[in-house]
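J.: model the structure of this input:
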Amino acid sequence: MHLDFLGFAKETLETEIREAQRMLARLDNSIELACQLLLRCKGKVVVSGMGKSGHIGKKIAASLASTGTPAFFVHPAEALHGDLGMIDAQDVVVFISYSGRAHELDTILPLIADNGIPVIAMTGDLTSPLAKGALCVLDVGVEREACPMGLAPTASSVNTLMMGDALAMAVMRFRGFSAEQFAHSHPGGSLGIRLLKKVHHIMRRGEWMPIVARESTITDALLELSRTGLGLIAICDKAGRVVGVFTDGDLRRWLIQKGSLDASISEAMTQPGFVLSANMLAANALDVLHEHHINAAPVVDDDGKVVGAINLYDFHQAGIK
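T.: The predicted model follows:
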């Protein structure tokens, strides 16, 4: 028996896209009211829904929270057994129910209304108890689900998720929420790492810093290169400022020229030497190293004194690429 999996998949996507386009076409000022309610909220946005609506609600709450609007999800059943105390008069509530007749939400809605807490409803039935009891209604209705039996929430779930994204993104843009603020909400993600990590967070310190004094010999530098394995050492004056660098390449060139290992390092070092600032964003520092075709560099503070060293492997280990 041949099953047209590709055809079934395309039909599902076509249905969901068509229903999303219908939602876009009927979108009205209700989204503006919803945005205003969120922007005026002095507390937190509380999102709630049962079943599949609850799963979508968790994603919407997470999107709001990560883009500048404090939000969290409360399960309706748990709310009926104590978690309702998590909601106070300064909050805004977003209830999600496609039918608008979820028993748990029907029970909670009048309690919320009695406390004067504004409710935004996401529903597919504008005549439902939820729609009638909400201050603002966002219509996520569909003419048909992508499910061939019309039972499993599919197109309606997509519409609800998209409406939540539209709400979160509109409010985010009004707030002027920046990439740096987003990174502070995602310090463990790749964006957070690129926007928050600085050179001093990932550089080598202390005994792992490859340093010799400018009065040292080539032999001293060779030993330091071997000890630290960074491929580079910083040549410093008595105040700790970098006056030059000496790399594996410099050593090879010195030996090819049959230079003496007892000679002063100042004769073979590269001056003044390339350095990175400790307070530089690590992602920017990596770009600079690539631009100059450099594998490693000393790290200096605002006074030009060496405080560490770093190479490409250190960036890789920190997840910065």
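J.: ok, Val142 touching Pro153?
T.: No - Val142 lies out of contact with Pro153 (CB atoms under 8 Å); the separation is 9.5 Å. Glycine gets a C-beta too; all of them are placed from N, C-alpha and C.
J.: which of these two has more neighbours?
T.: Neighbours were counted for Val142 and for Pro153 using other CB atoms under 10 Å; Val142 has more, 24 against 20.
J.: the more buried one: what's it in contact with?
T.: Val142 makes contact with Glu19, Arg22, Met23, Gly124, Ala155, Ser156, Asn159, according to CB atoms under 8 Å, 6 or more residues apart in numbering.
J.: pull out the buried residues from the helix or strand hosting Leu24.
T.: Leu24 belongs to helix 5-26 when assigned by DSSP states H and E. Neighbour counts over helix 5-26 (16 or more other CB atoms under 10 Å) mark Thr12, Thr15, Glu16, Glu19, Ala20, Arg22, Met23 as buried.
J.: over to stretch 75-90?
T.: Buried-residue list, stretch 75-90, by 16+ other CB under 10 Å: His75, Pro76, Ala79, Leu84, Ile87.
J.: using pLDDT, spot the least trustworthy of those residues.
T.: Lowest pLDDT within the buried residues of stretch 75-90 is found at Leu84 (87).
J.: distance of it relative to Glu104?
T.: For Leu84, the distance to Glu104 (CB to CB, to the nearest Å) stands at 11 Å.
J.: what does Val94 give?
T.: Val94 is 15 Å from Glu104, by CB to CB.
J.: likewise Ser156?
T.: When Ser156 is compared with Glu104 (using CB to CB), they lie 18 Å apart.
J.: again with Ser264
T.: For Ser264, the distance to Glu104 - CB to CB - is 81 Å.
J.: one more: Gly51?
T.: Going from Gly51 to Glu104 by CB to CB gives 10 Å.
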